[in-house]
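Student: what's the 3D shape of this:
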Amino acid sequence: MLTEPIQKAIAFIETSFAQPVSLAMLAAAAELSVSRFAALFRAQVGISPHRYVCLVRVRHAQRLLRGGLPPSVVATEVGFFDQSHLGRHFKRALGVTPSAYLAGR
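Tutor: Numbers count the residues shown, from 1 in each chain. Predicted structure coming up:
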């Protein structure tokens, strides 16, 4: 069960994932100190806040790729710096590159 502060941070991530999201911003959304927030998030969610943001971005990237957008556009739409940044996180999360993901659909 997630506590209210962590739920607030996750809601913030879901609405702001395409923008730069800092640990301080997430802690402020959760109304906790940065160190307390980071520890509580990891304890309740099982991964770091940064990793969670990346997974949310990858999930949204999947949707946009299925919609026909090219990976270079998708990368910036979901908050990654460029296509290679998307590719690294996509492969880490799903085990395949964006192009292999599309080919395997």
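
Student: rest of the way, CA atoms for contacts and neighbours
Tutor: Fine.

Student: domain map for the chain?
Tutor: The chain breaks down by automatic domain parsing into domains covering 4-50, 53-103.

Student: where does residue 26 fall, phi/psi-wise?
Tutor: phi -70, psi -40 (degrees, to the nearest 10).

Student: in the helix or strand of the chain at the bottom of the mean pLDDT ranking, what's buried?
Tutor: The weakest-scoring helix or strand in the chain, judged by mean pLDDT, DSSP states H and E, is helix 98-103 (a mean of 93). Burial within helix 98-103, assessed by neighbour count using 16 or more other Cα atoms under 10 Å, is assigned to 98, 101.

Student: OK, contacts around the nearest residue to residue 99 once chain neighbours are set aside?
Tutor: Once flanking residues are discounted, residue 99 sits nearest to residue 71: 8.0 Å by Cα to Cα, 6 or more residues apart in numbering. When contacts are counted by Cα atoms under 8 Å, 6 or more residues apart in numbering, residue 71 is found next to 65, 83, 86, 98-99.

Student: so where's the longest helix in the protein?
Tutor: What stands out as the longest helix in the chain, according to DSSP state H, is helix 49-66.

Student: quick revisit: per-residue confidence at the residue nearest to residue 99?
Tutor: At residue 71, the model reports a pLDDT of 94.

Student: and the gap between it and residue 35?
Tutor: 35 Å (Cα to Cα, to the nearest Å).

Student: now residue 62
Tutor: Counting by Cα to Cα, the gap between residue 62 and residue 35 amounts to 32 Å.

Student: who's more crowded, the two?
Tutor: residue 62 (16 against 12; other Cα atoms under 10 Å).
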